[in-house]
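In: Return a 3D structure for these sequence lines:
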Amino acid sequence: MSSLSNNRLVLFCGPSGSGKTTIVQHLLKVFPQMRFSISATTRPMRANEMNGKDYHFLTPDEFRARIAAGDFLEWEEVYTDRFYGTLKEDVYAILANDHIVLFDVDVEGGLQIRKHFGKNLLDVFVMPPSVSDLRSRLVARASETEDSLMKRLGKAEKEMQYAYRFNNIIVNAILQTACDEAVELVKKFLADEIPDAPEGIEE
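Out: Below you'll find the model as predicted:
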């Protein structure tokens, strides 16, 4: 395994519906040396998802047991009994094979991950053009009830206020343009062409 100083990690955050997951999937195709960090969650598995590929699906009790064991790099209880987190073993297994770790996580989790890895990590916040545009995207998914849609929108509005705490921001008005911007950012990061930035702004 290479020393930590040679490792590279790339973090994408942003509200649900911002397009960050689509951008992450694009990066995985462009950069074959990247490996996706699969998050753990207690939310129900959707019909098109696979355990261990899309998420590690755990029960709330299983998730709490792993919190108690110190297994998470970061975790968050987004709603009651609805946990999300990043398992340390997954991340360090990727690094041990000299691959680049690619994260797609919630904002709070992203800030915690950055504390662990500092300048070895490229952090990017993906913004929708507006809240109304975000609502349209979430409605178009047709995977939300009215109640869950309102919860997601409320959380998204709160998360958008965190954008200034990230060193890089992409406004996803046109998806292909946003993907191109993400590719260029990663290329510069891997070539050490991004000037040292402050470690975000902490409250």
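In: Could you use CA atoms for every contact and neighbour count after this?
Out: Fine.
In: Quickly note the distance from A93 to G19.
Out: 27 Å (Cα to Cα, to the nearest Å).
In: Ok, F166 next?
Out: In terms of Cα to Cα, F166 sits 17 Å off from G19.
In: go on, T42?
Out: 22 Å.
In: By mean pLDDT, flag the weakest helix or strand of this structure.
Out: One helix or strand of the chain scores below all others by mean pLDDT, DSSP states H and E: helix 131-141, with a mean of 70.
In: ok so, going back, so between T42 and G19, which is more surrounded?
Out: G19 (23 against 20; other Cα atoms under 10 Å).
In: show me what contacts the more buried one?
Out: Taking Cα atoms under 8 Å, 6 or more residues apart in numbering, we find G19 in contact with 126, 128, 172, 175.
In: In space, what's closest to the second one - neighbours in sequence excluded?
Out: Setting aside the residues directly before and after it, P128 is nearest to S18 in space (Cα to Cα, 6 or more residues apart in numbering), at 4.9 Å.
In: Any regions of this structure where pLDDT drops low?
Out: Within the chain, the stretches with pLDDT under 70 are 1-5, 137-144, 152, 195-203.
In: Let me see the ranges of the strands in it.
Out: Along the chain, the stretches classed as strands by DSSP state E are 9-13, 34-36, 40-41, 56-57, 72-79, 82-87, 100-104, 121-127, 168-171.
In: check contacts around V126.
Out: 12-15, 18-20, 169-172.
In: From R46, how far off is it?
Out: V126 sits at a distance of 24 Å from R46 (criterion: Cα to Cα).
In: Kindly report the same for M150.
Out: Taking Cα to Cα, one finds M150 at 19 Å from R46.
In: before we move on, what about E108?
Out: Distance from E108 to R46, by Cα to Cα: 24 Å.
In: Neighbour count: these two, which is higher?
Out: E108 (15 against 9).
In: For that one, which non-adjacent residue is spatially closest?
Out: E108's closest residue in space is E76 (Cα to Cα, 6+ apart), at 7.5 Å.
In: from memory that neighbour sits against L111, does it?
Out: No - E76 is beyond contact range of L111, at 11.6 Å (criterion: Cα atoms under 8 Å).
In: neighbour-wise, which of these two wins?
Out: Each of E76 and L111 has its neighbours counted (other Cα under 10 Å); L111 has more, 22 against 15.
In: ok, now how distant is the more buried one from K53?
Out: 24 Å.
In: ok, the residue nearest to P128 to I170 distance?
Out: S18 sits 10 Å away from I170 when distances are taken as Cα to Cα.
In: same question, C13
Out: Here the criterion is Cα to Cα. By it, C13 lies 10 Å from I170.
In: Might you calculate how far stretch 24-40 sits from the centre of the chain?
Out: 11 Å (Cα atoms, centre = their mean, to the nearest Å).
In: same check, this time on stretch 20-36
Out: Worked out by Cα atoms, centre = their mean, stretch 20-36 lies 12 Å from the chain centre.
In: what sits up against it?
Out: 12-14, 94, 99-104, 126, 175, 178-179, 182-183.
In: how about the helices of the chain, start to end?
Out: 20-30, 60-68, 88-96, 107-117, 131-141, 146-160, 175-190 (DSSP state H).
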